[in-house]
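Peer 1: Okay, sequence plus prediction incoming.
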Amino acid sequence: MTNATNPTTPAGWYPDPAGSPRSRWWDGAQWTEHYFDPATQPYTGAAQALRAPEGTKPYTPWIWIIVFLPILAIIPLFFWNFDGYMSALFRSDVQGAMSALFSPAYFALIALSFVVWGLGVLFAYLDWKELARRSVPKPFHWGFAFIPYQVYAIGRSVVARRRIGIGIAPMWVAIAVYVALFATSIVWSIMLTMSMMSTIPLYNY
């Protein structure tokens, strides 16, 4: 790199301006204290350019918050007055049924889903920014959190593994959380069905 102070130079490994045989990491604005020594780290070319400095930590608080966020989103579901809704429905009480269906828990569930989605995007951005600060080259882009944020957790883990050598754990935790929530939703649906079936005989047509 001919101009070490040029802020337009993209982040990456460049020849050490001090003249040593090592490469030094340029973070896009300044030289860092991360070095690449081809004598002890025998990868070159593109592999070298996309490799994070030795000792880089792959995990941040933000990625762990992201993988557990879905748990928060379903909490209002368990406060929905389903029995009240079924009771009003069988009494042909349309107003009562609508009131039980569109309860505060229902609107809390809708609102919280948007809040959690927004937080997922925000935390993905903070995680991506922190990885870049740690000199991880081309970390998985936070924009994938829009479709939805769980996609970011999985893609980020795969890319971190390639760049750092470790960092796949958030992917498996995210998958485990998804499976647990899926199983919980099945149990919840079964319980609601059983509740409905036990309620039907109480009403005459």
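Peer 2: That came through, no problem.
Peer 1: all helices of this protein, in order?
Peer 2: Assigned by DSSP state H, the helices in the chain fall at 45-49, 61-73, 82-90, 94-101, 104-133, 149-164, 169-199.
Peer 1: Take the ones you listed and write them to JSON lines, including distance to Tyr14 and mean neighbour count.
Peer 2: Where C-beta positions appear, they are placed from N, C-alpha and C, glycine not excepted. Below are the helices of the chain laid out as JSON lines (distance: least, Cβ to Cβ, whole Å; neighbours: other Cβ atoms under 10 Å):
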{"stretch": "helix 45-49", "distance to Tyr14": "10", "mean neighbour count": "12"}
{"stretch": "helix 61-73", "distance to Tyr14": "29", "mean neighbour count": "18"}
{"stretch": "helix 82-90", "distance to Tyr14": "62", "mean neighbour count": "17"}
{"stretch": "helix 94-101", "distance to Tyr14": "62", "mean neighbour count": "14"}
{"stretch": "helix 104-133", "distance to Tyr14": "17", "mean neighbour count": "17"}
{"stretch": "helix 149-164", "distance to Tyr14": "18", "mean neighbour count": "21"}
{"stretch": "helix 169-199", "distance to Tyr14": "31", "mean neighbour count": "13"}
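Peer 1: If you count residues, where's the longest strand of this protein?
Peer 2: Looking across the chain with DSSP state E, the single longest strand is strand 31-36.
Peer 1: Name the residues of that one that are buried.
Peer 2: 31, 34-36 (16 or more other Cβ atoms under 10 Å).
Peer 1: In the chain, what helix or strand scores lowest on average pLDDT?
Peer 2: When the helices and strands of the chain are compared on mean pLDDT, DSSP states H and E, helix 45-49 comes out lowest with a mean of 51.
Peer 1: for this protein, which spans come out with low pLDDT?
Peer 2: Along the chain, the parts satisfying pLDDT under 70 run over 1-8, 38-49, 80-105, 195-205.
Peer 1: so Leu77 touches Met191, yeah?
Peer 2: No. Counting by Cβ atoms under 8 Å, Leu77 does not reach Met191; the two are 11.6 Å apart.
Peer 1: before we move on, the earlier item: and the longest strand of the chain, what does it pack onto?
Peer 2: strand 23-26 (3 or more Cβ pairs under 8 Å, 6 or more residues apart in numbering; DSSP states H and E).
Peer 1: List the buried residues in the strand it packs on.
Peer 2: Neighbour-count burial for strand 23-26, counted by 16+ other Cβ under 10 Å, picks out 23-26.
Peer 1: ok, it: who's next to it in the sheet?
Peer 2: Sheet pairing of strand 23-26 (DSSP bridges) gives strand 12-15 (antiparallel), strand 31-36 (antiparallel).
Peer 1: Using JSON lines, lay out those together with distance to Ile65.
Peer 2: As requested, the strands paired with strand 23-26 are exported to JSON lines (distance: least, Cβ to Cβ, whole Å):
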{"stretch": "strand 12-15", "distance to Ile65": "30"}
{"stretch": "strand 31-36", "distance to Ile65": "27"}
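Peer 1: circling back: CA atoms only for the longest strand of the chain - export them in PDB, please.
Peer 2: What follows is strand 31-36 as a C-alpha-only set of coordinates in PDB (Å, rounded to 0.1, in the frame of the first residue of the first chain):
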ATOM      1  CA  TRP A  31      -2.800   0.100  11.000                       C
ATOM      2  CA  THR A  32      -3.700  -2.300  13.700                       C
ATOM      3  CA  GLU A  33      -1.400  -4.500  15.800                       C
ATOM      4  CA  HIS A  34      -2.400  -7.700  14.000                       C
ATOM      5  CA  TYR A  35       0.200  -9.300  11.900                       C
ATOM      6  CA  PHE A  36       0.300 -12.200   9.400                       C
END
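Peer 1: I'm done for today, thanks for sticking with me.
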